[in-house]
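Engineer: here is my input, please return the structure:
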Amino acid sequence: MAYTFWADSLSNQPGINQDATKLFLKAIALDPNNALATYLFARLLPMSTYRQFEERRSWLLKAERLRPDWDGIHAELAGMSTPEEGLRELQKAVELAPDDPIYPAGYEEASNNLKDAQKRMQQAEAKMAADPKTAAILVEYEAKFTCDVQKAEHYEIIAEKYYPNEVPQITLATVYRYCLEFEKSRALYRQVLASMEARLNTGLTYQEAIEVEDEALQFLDMNPELKRIYLLKAAVAERDQKWWLAQVYLEKEIAIAPSGELYAHYARVMMKQSAVNKFQASQAVAKGMKLDPKFIEHYPDLAAYAPEDKKK
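Structural biologist: Take a look at the predicted model:
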């Protein structure tokens, strides 16, 4: 237990969580049934991506198996579960710590939220006969708050009849993500992106393109797809001559994976704007030349923007 208490003394101190993590792992290696170390280690793990989320949840579930009588573990798991599962975890916390006012309040709030979402779904379903287009997509949207995935899938099929774009699929992908069905969400986002790319020159709008949220792809650890959506949004903005928007998305793409080709693309967008932006175009060309020794040979139209000592 010495490693456990040592690590716990470090875990809340900024900048040394890595040391605490190592100590917790040592404690767990020495005693795999050390519930305290398992629980505290889980709480240190990040949740920036779905894989990290699943790892943290896995460790919490292990801690729960080791000490099912600890209220804190159930409360922690409640926030990482589907609505109905979360209620069950909160109910366990209430039973284990009846004098703690936080758990009953949390249970009541979560219960009311679920009931409200179920009521909204029922109200939307009741409008199917009068307005199936609006009702179908609304039922599908509300499913992310109830995790009635089967119903969401059913209404997504109906909504597709009324929406010529990817909104029903994006809505279902969001339901999958909220309801912890991450692989299904990833697969559907790939389909959505391919569909949007195919529609770039046949009516895809900027408003439709931004329906795919950057944060969703980041959480789902879809970096290749994130780069594609940035390029797609930039392409739509260029097509509509919204140069500043194209600039924003190209800068995001460059931040992920800079290349000579991207800097050439960025320079051309800058050239469409003011004199100040033309200076930025020159900077982009200089950066592109550092990444690609044959940059000017590949992009001769940008030769005029090369640094003076590189123009010859």
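
Engineer: helix or strand with the lowest mean pLDDT in the chain?
Structural biologist: helix 2-10 (a mean of 43; mean pLDDT, DSSP states H and E).

Engineer: pLDDT wise, what is His154 at?
Structural biologist: As summarised for this prediction, His154 has a pLDDT of 97.

Engineer: now do whichever strand or helix holds it: which elements does it pack against?
Structural biologist: In the assignment (DSSP states H and E), His154 maps to helix 149-160. Applying 3 or more Cβ pairs under 8 Å, 6 or more residues apart in numbering; DSSP states H and E, we find helix 149-160 packed against helix 132-146, helix 167-178. (C-beta placed from N, C-alpha, C; glycine too.)

Engineer: pull out the buried positions in it.
Structural biologist: Residues Val149, Lys151, Ala152, Tyr155, Glu156, Ile158, Ala159, Glu160 are the ones in helix 149-160 that count as buried (16 or more other Cβ atoms under 10 Å).

Engineer: stretch 247-267 too?
Structural biologist: For stretch 247-267, burial by neighbour count (16+ other Cβ under 10 Å) applies to 247, 249-250, 252-254, 260, 262-267.

Engineer: then stretch 226-246?
Structural biologist: 226-238, 243, 245-246.

Engineer: returning to that earlier point: now the helices and strands packed on helix 149-160 as a markdown table including mean neighbour count and mean pLDDT?
Structural biologist: A markdown table is the format used below for the helices and strands packed on helix 149-160 (neighbours: other Cβ atoms under 10 Å; pLDDT from 0 to 100):
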| stretch | mean neighbour count | mean pLDDT |
| --- | --- | --- |
| helix 132-146 | 21 | 96 |
| helix 167-178 | 22 | 97 |
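
Engineer: out of the ones you listed, which comes closest to Ile73?
Structural biologist: Of all those, it is helix 167-178 that lies closest to Ile73, at 22.5 Å by Cβ to Cβ.

Engineer: what angle separates that closest one from helix 132-146?
Structural biologist: Using axes from the mean of the first three to the mean of the last three Cα atoms, to 10 degrees, the interaxial angle of helix 167-178 with respect to helix 132-146 works out to 10 degrees.

Engineer: show residues contacting helix 167-178.
Structural biologist: 50, 136-137, 140-141, 143-145, 147, 149, 152-153, 156, 159-160, 182, 184-185, 188-189, 191-192, 195, 208, 211-212, 216, 219-220 (Cβ atoms under 8 Å, 6 or more residues apart in numbering).

Engineer: returning to that earlier point: quick one: which of the buried residues of stretch 247-267 is nearest to Glu76?
Structural biologist: Nearest to Glu76 among the buried residues of stretch 247-267: Lys252, at 33.5 Å, using Cβ to Cβ.
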